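1. sequence unknown, structure follows:
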């Protein structure tokens with residue numbers, strides 16, 4: 001008999017794991033450190049682990065194992081450490097070599113593991129048929 005392949009499991013299955021709160025606090029700290037490693041930040045599962053760590057941190061605050069200030073400080077340190085080693089995906093600027101006039105990282109993209117500075121960031125826009133950039137996908141038929 002062979003063991004089932006874990007890759008065949010649906011990822012949205014929920015499994016209740018009971019452990020002392022001190023163990024969960026340790027797991028949270030370990031995963032926060034692991035998420036700071038540059039190699040982990042480019043992995044496809046990074047956002048799943050980040051979401052788990054965020055939920056676990058919130059649960060630790062609810063249980064009284066962490067104060068809201070301690071959790072906020074941990075999250076600030078994570079963002080600062082990530083920002084120190086990052087390069088903008090568009091222009092290549094870095095924390096120590098910012099764009100002329102200054103820039104910073106776009107927080108919502110930084111939390112997704114993407115590094116785009118505020119000078120290069122363009123918020124998503126909805127293009128309508130009236131917009132000159134609209135390209136009609138169906139050519140007109142004449143004849």
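-> Everything's here; your move. What you are looking at is a predicted structure, and each value in this text was computed from that prediction instead of being measured.
2. Every contact and neighbour count from this point should use C-alpha atoms.
-> OK.
3. mind listing what's buried in stretch 90-107?
-> Buried positions in stretch 90-107, judged by neighbour count with 16 or more other CA atoms under 10 Å: 93, 94, 95, 98, 99, 103, 104, 105, 106.
4. and the end-to-end length of that stretch?
-> Its start and end residues considered, stretch 90-107 measures 16 Å (CA to CA, to the nearest Å).
5. helix or strand right after the worst-scoring helix or strand of the chain on mean pLDDT?
-> Sorting the helices and strands of the chain by mean pLDDT, DSSP states H and E puts helix 38-41 at the bottom, at a mean of 63. Past helix 38-41, heading to the C-terminal end, the next element that is a helix or strand (DSSP states H and E) is helix 46-63.
6. Next, the buried residues of that next one.
-> By neighbour count, with 16+ other CA under 10 Å as the criterion, the buried positions of helix 46-63 are 46, 47, 49, 50, 53, 54, 56, 57, 58, 59, 60, 61.
7. counting contacts, what elements does that helix pack onto?
-> If contacts are counted by 3 or more CA pairs under 8 Å, 6 or more residues apart in numbering; DSSP states H and E, helix 46-63 sits against helix 21-36, helix 68-85.
8. Save those helices as a markdown table, and put in mean neighbour count, distance to residue 114 and mean pLDDT too.
-> Compiled in a markdown table, the helices and strands packed on helix 46-63 are given as follows (neighbours: other CA atoms under 10 Å; distance: least, CA to CA, whole Å; pLDDT from 0 to 100):
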| stretch | mean neighbour count | distance to residue 114 | mean pLDDT |
| --- | --- | --- | --- |
| helix 21-36 | 15 | 13 | 76 |
| helix 68-85 | 14 | 10 | 71 |
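9. Quick one: the ones you listed as CSV, columns for distance to residue 124 too.
-> Listed next are the helices and strands packed on helix 46-63 as CSV, based on distance: least, CA to CA, whole Å:
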stretch, distance to residue 124
helix 21-36, 27
helix 68-85, 23
